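Chemist: let's see this in three dimensions:
(chains A, B, C, D and E, ligands or ions: 4)
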Amino acid sequence: MSDTLRNSIYFALVALLIIGTGILQSWNSALFILNMGLISAIMALGVNLQWGFAGLFNVGIMGFVALGGLATVLISMPPVEGAWSAGGMRILSGLALGIMSIVSTILVFKRMQSGRNRTLAMLAVLSIGFFAFRAVFDGGVEAVEAINPANAGNIGGLGLPVLLAWPIGGVFAAGAAWIIGKTALGLRSDYLAIATLGIAEIVIAVMKNEDWMARGVKNVIGLPRPVPYEIDLQNSAEFVAKANAYGIDPVTASTLWVKLLYAGLFAVVLIVIFVMAQAALKSPWGRMMRAIRDNEVSSEAMGKDVTARHLQIFVLGSAICGIAGAMITTLDGQLTPTSYQPLRFTFLVWLMVIVGGSGNNLGAVLGGFVIWFFWVQVEPMGLAFLTLITSGMAEGSALKAHLLDSAAHMRLLTMGIILLCVLRFSPRGLIPEK
Amino acid sequence: MSEPFLIGQNMTGGYSKGGPDILHNCTISVDRGEIAVIVGPNGAGKSTAMKAVFGMLDLREGSVTLDGEDITSLSPQDRVVKGMGFVPQTSNIFPSLTVEENLEMGAFIRTDDFSDTMAQIYDLFPILKDKRSQAAGELSGGQRQQVAVGRALMTKPKLLMLDEPTAGVSPIVMDELFDRIIDVARTGIPILMVEQNARQALEIADKGYVLVQGANAHTGSGKELLANPEVRQSFLGG
Amino acid sequence: EDVKIGIILGFTGPLESITPAMAAGAELAMKEVTDSGKFMGGSAVVPVRGDSTCIDAAAATSAAERLVTSDGVAGIMGADCSGVTGAILQNVARPNGIVMVSPSATSPGLSTAEDDGLFFRTAPSDARQGVIVTNILQDRGFKEIAITYTNNDYGKGLADAIQTEFEAAGGTVTIVSAHEDGKADYSAEVGALASAGGEVLVVAGYVDQGGSGVVRSALDTGAFETFYFPDGMVGAKLNENFGAELNGSFGAYPGTDSTGAATFVGMAEGAGFDGTSAFAPESYDAAALIMMAMAKAGSTASADYKDHIMDLANAPGEQIFPGELAKALDLIAAGTEIDYVGATAVELVGAGESAGNYQEIEFADGAYSTIGYR
Amino acid sequence: MDLLNAFVALANFVLIPATAYGAQLALGALGVTLIYGILRFSNFAHGDTMAFGAMVTVLFTWWFQSMGISFGPLPTALLALPFGILGCIGLLLFTDRVVYKFYRQQKAKPVILVIVSMGVMFIMNGLTRFIIGPDDQRFADGERFIVSVRSFKEMTGLQEGLAIRTTQGITLVTAVVVVAALFWFLNRTRTGKSMRAYSDNEDLALLSGINPERVVMVTWIIVATLATIAGVLYGLDKTFKPFVYFQLLLPIFAAAIVGGLGNPLGAIAGGFVIAFSEVTVTYAWKKVLVYAMPERLEPDGLVQLLSTDYKFAVSFVILLIVLIFKPTGLFKGQSV
Amino acid sequence: MIEVHDLHKHFGGFHAVDGATLTIEKGSITGLIGPNGAGKTTLFNVIAGVLPPTSGRVIMDGEDITGLPPHELFHKGLLRTFQIAHEFSSMSCRENLMMVPSGQSGETLWNTWFGRKRIADEERALRAKADEVLEFLTIEHLADHKAGQVSGGQKKLLELGRTMMVDAKIVFLDEVGAGVNRTLLYTISDTIKRLNEERGYTFVVIEHDMDFIDMLCNPVICMAEGHVLAEGTLAEIKANPEVIEAYLGTGLKNKDKVGA
Ligand SMILES: Nc1ncnc2c1ncn2[C@@H]1O[C@H](COP(=O)(O)OP(=O)(O)OP(=O)(O)O)[C@@H](O)[C@H]1O
Ligand SMILES: Nc1ncnc2c1ncn2[C@@H]1O[C@H](COP(=O)(O)OP(=O)(O)OP(=O)(O)O)[C@@H](O)[C@H]1O
Ligand SMILES: [Mg+2]
Ligand SMILES: [Mg+2]
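Modeler: Ligands and ions are numbered 1, 2, ... in the order given. Here you go, the predicted model:
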């Protein structure tokens, strides 16, 4: 079987799964899976770029996704009245002070001879900087958070169109990735992994606890949308007329239409990123990256600036995750920092990449769809499975009750079994690297 | 004469089941006390032939017999137990184990006291004694090679197989290595080795094989091959 | 014809240990209604469970999406955590015009969320509890408290409310410190709390989560001896976990001296689950309210019955307690006004959230008991 | 006297808890580091392995308790521990046979094994919750304290109290014993060395007559033992709850990695680094300073560097700093 | 061309390179010999920027290049091979060669999206060049094989082939000959000579095969224990008793076995 044929069959199967969902469950569910599948595929592409092509073990995806989400709030929400005058400026100057003290510490580190004096000087600069930062910053934060804490307490956003937040989300993530890359990319394999994981946790900690930014754990809800609201469509005579013309009831029509619009937007982003990634990969640049992945020492000896290339791809991959993060938050319509869990936003994405086939963009996209589909559908599948095996048991038997009570936990178990089956049948992923 | 101690007969096979054959009907044998040397161009299949004899390859055809016993279907591990010792061409040490532990691992299947053997090896490669508690991965190329050979000797094998044991070792060590190999052979242990230092190797060889593209091209005593102008021209560098 | 009602709770994830009782509470109400045979001309009410995971907005949305568009549920009892509740509300309930009654989302942010009149909750708001806590503490003469809260919208909102109220009443809050649920160790938090000091430690967390961890650690190290337990902390687990060590501690959780609460505990026992488990009574009430409203509207379409929920929950009318759903259905059919009191004395105010009645508890002899109502 | 009080306060709230927590992390990290060192992958299922082992122990403990068997002042769970270990060994060997072995034969890349271990994690996770449920379970009994706050105060007459729990003591002692034993085993015994050899160069290990399947089996047995011990001690000290074991994975990995993967000593060091950085950096020094400082210098604030909200962030910052200066951890770990 | 001044490289307490001072003349083919562990490879690694020196300086064409990273040295025309082959194992042999030249326009991301025509032209030329080198190394049939799956000697050939893909000023060859068939090795030595004569490359060659050194190198430097032991023509070196004792030895003792 040729590769193209096999790949087409895989994608056809995924399409079939989604269409099947549409027929057996509902088209809304199907479109929802499609939409999240599209976003998942984008995230998987970003990770694949880093791991598949450069061998960078980044498990800080959650952090970049969250930064994308943060961008959505900061760009699209209207500003909170009075927040800027109350303390916004003070916060900014506090942050500036903080950055300055870090920069001067680095300068001291670079300029001075190593020795005890340097350590002392660094400590001095750092602690003075830290206290100055706290002194200025804390006041500002307090002032901002005091403004109507139950419903606001943050500085709000810029009130710009939410679509703008997608690229900005990418930029946020890229900026963070650049800083991380500058410090941590010297690390290898699992050491880099834990470093990135740690940084992601730090990002989340900041997002949870700095209420002035995006209300922390109190969540920001009701984010603007790039598409119309269903309720508006349902109230629009024109839309209702159209829906009736197609013989669909207006409520269903509106929910479907909105999802289709999202799907269109996401698909455009996915296709652009995919095409660009593919072009890069199939060029000398891709060859160079694979060489670096295979053997850093000798790539370096062959004149390739390994550090710079690593940084480049780390920033790019992270930016893609940031874009995806902004897209998810837009789709959710709210920012909930507590929902950023490594299992969901880091390891699930890794599953997508590995199951799809690392080092292969098409594989990453496929993995994104497949894993997302199962992630959503294992719940009914687990339930159905248990109902099936318990159907023979006596009504009211303790075992039956216990089994049915455990149905929810079968969700993860089923996921595990599916995962192991897929990897058993194609240990290098569904579409392996050539 | 009866059958040789070790014989890999008519071996045909490759690295993967569906992949191309690397060996074509290749036969290699060695008898007690003999040194057999395999030479040939790069990629001829010399290492592959060694691996085939050691059972690290699925043979499609042919058989391997050790001391009259057919061992074709044995796993490499079982062959070690049968007394075969092997030094592969690449990755032939345990890099994070110390030199001494590397040697101990060579004696893994031995249950007797092996401190004598270890002392002999330190005599043979004095530099290893200095570096006994250093991780083998930190050694120089030549030193690694010495560790690798030392490890195989620790097994006290009934048959010793060496894939390019002298690659990268200095002339003085190479001479000693050959000396030692001859010593080992004198105790009646057959030695099968691949060498690119062919001229020197063939000088001490009782039997030589020239392999080309996975098949036997020339076979004869070491001297005969050395004297064969065609062999000299094509494989020994004139 | 069967009427389906969705139960969307975090069956997996950080709240997985309290959700079974919550779901059981809701299903208890549904069973009661079904068994009465008086609902919508004898229809059965069929619960359909969905996993909100509590944290993954997308997974929750998709579960809700499936329940609404594929199973065709007529209303949603859920969700539990405020984050996923908001997501489901915006992405599924509003677009499809489905009523949602959450038993446990307490975030004040949800009060002002756009909901097209579809969203209600039987859990009281955090602001209300702040007042209750302050009153209780002041009545007992405490001037200095330390607060620890679980780092999510519930904990944070509650801690904010308590701090504001307590300080406004002239008390001192020595420290407000967050703890993350499900973590391995709370020494650091307790160290900071102990250092800050205070007469009482207010633990705004969950009893089977980090809250108990913090209490454990505080007791062991002798950092605090007296604790105040808000709603998330009160549960049988407290007795089990700490027993006599907590003697002298106190707290309050939603509930009334109405017979409803006790009845519910008894009913739960009969059904094989723990009726005192956090938010289980609220879940019963949430489900009951949905069904009563349907009965009143004579329709299972959300658009029809959403307007009845508020007025069913509130006076005037004949009071309805747990186990009396059949009677309620009769009364509704007869056109009599009812006031659903339920297990938690629901009283919906403002944008459809519980006004909040609290029962004050105190520990003595290794177990807590209710000593009064507020 | 005041200085003594200051020290006791510090010990009670920082030193002792951090030490005990460090030892708990270290025990978990030992298992992770061993799998990494020998089988060459990061095992995500380790947290759930701990949970499973602990669960079996809990079940046996309940059984013993119901039969009235007890272990004097020590927790009964210690008696049940061997059974828990056996159960866990059984599970791991079974998993290896049906799951990991295949990938080993395929010579799959480590990252594949990492993902496979995630699959195993999901399954074990479901299994544990299926058998014992998601709630927390109590199984601790015996004497809870070696020294309790009250008795300490009575004994010394100090204002500040000091508590040492029995489980804290047991954990610390166990951690020290286990690491010493493991170190000895890996570096001194033939089997231990052969395990290291296997991890270094599998093919060559084969050529030396080392039986890879045996090495793998021994590894899983040790890992199961370690995981069960760690899981039970943790459960005794805190509480047994499946979800928490999953959450424990993160600090455990962090510990194994700062220490240097594959190195038992590193796991111990890493455990303490993580524990101490979590507990100390966000500590509010007020209490200690009030005792230690003359009256007029007493602080009014909390004297806290950062609020405890950031304790994880801080511990990760410290981890990062360690890694930047020691890229393969404190004890020069391996990397694939 | 290259001057090494009192270079030291210590690993912990061990002095792998211990005060090496040497000069490599422009246009020469310098042989570097010495017992195993003398520090030859370590010296290469320090010069090529793989390892930072403990102390000492390396000067190239009057410019201090101590501690520059390898990729910058590559751009200055300094190439090296590895004693233990460092192939890109999952790439084909051809790709192994094609990736070498620097400044390929296709290595800039922007061009991969917007300059595809130029890349295609460059690639065609590169491919031709790579095939030429493969053919010279007698491994043209392996062009599409994964480099990780060729024989040990073939990997060494690839290692050498990479230095032939670009114009270098100075090339460090670390035991290119070990494991390479002698007949081919001598062809290689002809090429090295040709590159040296026609293109003016300077070579530094580590090798334990005295015939090869003999054919190629002048002068020859012998290192031992981290410093330079002797320097001169091969004949001079061979006559040096210290070198004989430390390195060359006096041949097989078991002469009687030969021909037995
Ligand atoms: N990373 C390291 N750590 C410790 N010692 C090392 C390290 N690398 C090399 N050495 C030691 O430095 C010495 C010099 O090694 P080097 O590789 O330079 O030798 P060489 O001259 O190239 O030898 P050969 O001819 O065998 O290749 C050796 O004794 C080796 O053990
Ligand atoms: N792991 C492998 N998988 C597939 N093919 C291989 C593998 N190793 C070697 N080959 C191929 O098998 C052929 C013979 O290789 P082998 O290693 O036996 O050669 P050799 O005679 O030992 O050469 P050398 O002298 O260079 O070591 C080569 O063409 C090589 O490309
Ligand atoms: Mg070979
Ligand atoms: Mg060398």
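Chemist: check the secondary structure at the spatially most central residue of chain E for me.
Modeler: Against the mean C-alpha coordinate of chain E, by CA atoms, centre = their mean, the closest residue is E:Leu173 at 1.6 Å. Three-state assignment for E:Leu173 (DSSP: H, G, I helix; E, B strand; the rest coil): strand.
Chemist: same check on E:Ile84?
Modeler: Per three-state DSSP, E:Ile84 ends up coil.
Chemist: who are the contact partners of it?
Modeler: By CB atoms under 8 Å, 6 or more residues apart in numbering or on different chains, the residues touching E:Ile84 are B:Gly141. For every residue, glycine as well, the C-beta is placed using N, CA and C.
Chemist: hey, where'd the strands end up in chain A?
Modeler: Shown for chain A, the strands assigned by DSSP state E span residues A:220-221, A:334-335.
Chemist: confidence score at A:Leu348?
Modeler: A:Leu348 is assigned 90 on the pLDDT scale.
Chemist: distance check, it against chain E.
Modeler: Using CB to the nearest CB, to the nearest Å, A:Leu348 is found at 27 Å from chain E.
Chemist: repeat that for B:Ser75.
Modeler: Per CB to the nearest CB, B:Ser75 is found 22 Å from chain E.
Chemist: nearest residue to that residue other than its sequence neighbours?
Modeler: Nearest residue to B:Ser75 in three dimensions, chain neighbours excluded: B:Gly55, at 6.1 Å (CB to CB, 6 or more residues apart in numbering or on different chains).
Chemist: ok, the one you found - contacts?
Modeler: By CB under 8 Å, 6+ apart, B:Gly55 lies in contact with B:Val64, B:Ile71, B:Thr72, B:Leu74, B:Ser75, B:Pro76, B:Asp78, B:Arg79.
Chemist: so of these, which ones are in strands?
Modeler: Counting by DSSP E, those contribute B:Val64 to strands.
Chemist: in CSV: the contacts of B:Gly55, plus distance to D:Met50 and pLDDT.
Modeler: Output for the contacts of B:Gly55, formatted as CSV (distance: CB to CB, whole Å; pLDDT from 0 to 100):
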residue, distance to D:Met50, pLDDT
B:Val64, 47, 92
B:Ile71, 45, 90
B:Thr72, 46, 89
B:Leu74, 40, 89
B:Ser75, 35, 86
B:Pro76, 36, 86
B:Asp78, 37, 87
B:Arg79, 40, 89
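Chemist: out of the contacts of B:Gly55, which end up buried?
Modeler: Using 16 or more other CB atoms under 10 Å in any protein chain shown as the burial test, the contacts of B:Gly55 include B:Val64, B:Ile71, B:Leu74, B:Pro76, B:Arg79 as buried.
Chemist: make TSV out of the residues you listed and add distance to ligand 4.
Modeler: Below are the buried ones among the contacts of B:Gly55 laid out as TSV (distance: CB to the ion, whole Å):
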residue	distance to ligand 4
B:Val64	35
B:Ile71	37
B:Leu74	37
B:Pro76	30
B:Arg79	32
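Chemist: which one of those is nearest C:Gly372?
Modeler: Closest approach between these and C:Gly372, by CB to CB: B:Pro76, at 80.1 Å.
Chemist: for the closest residue to the closest one other than its chain neighbours, give me the pLDDT.
Modeler: Setting aside the residues directly before and after it, B:Pro76 is nearest to B:Gly55 in space (CB to CB, 6+ apart), at 4.7 Å. On pLDDT, B:Gly55 comes in at 88.
Chemist: roughly how far apart are B:Gly55 and B:Met84?
Modeler: Between B:Gly55 and B:Met84 the distance is 9 Å, computed by CB to CB, to the nearest Å.
Chemist: just B:Val99 next, same as before
Modeler: Counting by CB to CB - B:Val99 and B:Met84 are separated by 23 Å.
Chemist: more neighbours, the two?
Modeler: B:Val99 (30 against 27; other CB atoms under 10 Å in any protein chain shown).
Chemist: next up, the contacts around that one.
Modeler: B:Leu128, B:Lys131, B:Arg132, B:Ser133, B:Gln134, B:Ala136, B:Leu139, B:Val147 are the contacts of B:Val99 under CB under 8 Å, 6+ apart.
Chemist: for ChimeraX, write a command that selects the buried ones of the residues you listed.
Modeler: Selection of buried members from the contacts of B:Val99 for ChimeraX, criterion 16+ other CB under 10 Å:
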select /B:128,131,134,136,139,147
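Chemist: now the contacts of B:Val99 as TSV including secondary structure and pLDDT?
Modeler: Shown next, in TSV, are the contacts of B:Val99 (DSSP: H, G, I helix; E, B strand; the rest coil; pLDDT from 0 to 100):
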residue	secondary structure	pLDDT
B:Leu128	helix	90
B:Lys131	coil	89
B:Arg132	coil	90
B:Ser133	coil	90
B:Gln134	coil	90
B:Ala136	helix	90
B:Leu139	coil	88
B:Val147	helix	91
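Chemist: can you give me the end-to-end span of stretch B:50-66?
Modeler: End-to-end distance of stretch B:50-66 (CA to CA, to the nearest Å): 14 Å.
Chemist: wait, I meant stretch C:190-202
Modeler: 12 Å.
Chemist: does chain A sit close to it?
Modeler: No - using CB under 8 Å from any CB of the partner chain, stretch C:190-202 stays clear of chain A, with a minimum separation of 14.2 Å.
Chemist: now A:Leu430: how far from D:Val99?
Modeler: Distance of A:Leu430 to D:Val99, computed by CB to CB: 19 Å.
Chemist: what residue is smack in the middle of chain A?
Modeler: Note: chain A centre (CA atoms, centre = their mean) maps to A:Val65, 3.1 Å.
Chemist: now do the contacts for the closest residue to that residue other than its chain neighbours.
Modeler: Nearest non-adjacent residue to A:Val65, counting by CB to CB, 6+ apart: A:Gly325, 3.4 Å away. Residues in contact with A:Gly325 (CB under 8 Å, 6+ apart) are A:Phe64, A:Val65, A:Ala66, A:Leu67, A:Gly68, A:Gly69, A:Ala71, A:Gly169, A:Ala173.
Chemist: narrow these to those that are buried.
Modeler: Among the contacts of A:Gly325, those classed as buried by 16+ other CB under 10 Å are A:Phe64, A:Val65, A:Ala66, A:Leu67, A:Gly68, A:Gly69, A:Ala71, A:Gly169, A:Ala173.
Chemist: wait, what's in contact with the last one?
Modeler: Same thing as A:Ala173. Contacts of A:Ala173 (CB under 8 Å, 6+ apart): A:Phe64, A:Val65, A:Leu67, A:Gly68, A:Ser318, A:Ala319, A:Cys321, A:Gly322, A:Ile323, A:Gly325.
Chemist: quick check, nearest of these to ligand 1?
Modeler: A:Ser318 (33.4 Å; CB to the nearest ligand atom).
Chemist: Three-state assignment for E:Phe88, please.
Modeler: Going by three-state DSSP: E:Phe88 is coil.
Chemist: just the element for the residue nearest to E:Gly34 when sequence neighbours are not counted, please.
Modeler: Leaving aside its sequence neighbours, E:Gly34 sits nearest to E:Met223 (CB to CB, 6+ apart; 3.7 Å). Using DSSP states H and E, E:Met223 falls within strand E:220-224.
Chemist: immediately after the helix or strand encompassing D:Ala29, which helix or strand?
Modeler: With elements taken from DSSP H and E, the one containing D:Ala29 is helix D:16-39. The first helix or strand that comes after helix D:16-39 along the chain, using DSSP H and E, is helix D:46-67.
Chemist: buried ones in that next one?
Modeler: For helix D:46-67, burial by neighbour count (16+ other CB under 10 Å) applies to D:46-62, D:64.
Chemist: tell me how many other residues surround the closest residue to chain E within chain C.
Modeler: Nearest residue of chain C to chain E, counting by CB to the nearest CB: C:Ala58, 31.3 Å away. Neighbourhood size, C:Ala58 [other CB under 10 Å]: 25.
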